[in-house]
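*Asks:* sequence? don't have it. structure:
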């Protein structure tokens, strides 16, 4: 059995292309950027916020927002790989992550409880995204 060198494996993988349309590529890119930001925000919450925010429930809320953002970033990427009907689900996930996680990040940083009213709207969009994904499958 032959072993492939790293260069051969890399070359082989670089020739693989997925049949993704333009809307799918956009969802893939947005999902990937959102995932990267989720890691950044999660790390910031675990390391940078602890010296600024002492309220444990606010720190836990930040961690929840980062967790949901990361999980739904993967869902956005999956939607980018599926046929066109899944773009609706991807757009719902994108809006949901923005409103759900974004409102929690803002709530924690600004300590403005009124921002908490936006969070359920984002959560509803996330749920709708899962339903749309189920219908598109």
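*Replies:* That came through fine. Just so it is clear, the model here is predicted, and its values are computed rather than measured. Residues are numbered from 1 along each chain as shown.
*Asks:* contact partners for the closest residue to residue 116 other than its chain neighbours?
*Replies:* Nearest-residue entry for residue 116: residue 107, 5.6 Å, with adjacent residues in sequence omitted and distances by CB to CB, 6 or more residues apart in numbering. Every residue, glycine included, has its C-beta placed from N, CA and C. Residues in contact with residue 107 (CB atoms under 8 Å, 6 or more residues apart in numbering) are 58, 61, 113, 115, 116, 119.
*Asks:* against residue 60, how distant is residue 107?
*Replies:* Per CB to CB, to the nearest Å, residue 107 is found 12 Å from residue 60.
*Asks:* hey, what's in contact with both of those two?
*Replies:* Joint contacts of residue 107 and residue 60 (CB under 8 Å, 6+ apart) do not exist.
*Asks:* can you pull the poorly scored residue ranges out of the protein?
*Replies:* Along the chain, the parts satisfying pLDDT under 70 run over 1-20, 85.
*Asks:* cheers, nothing more for now.
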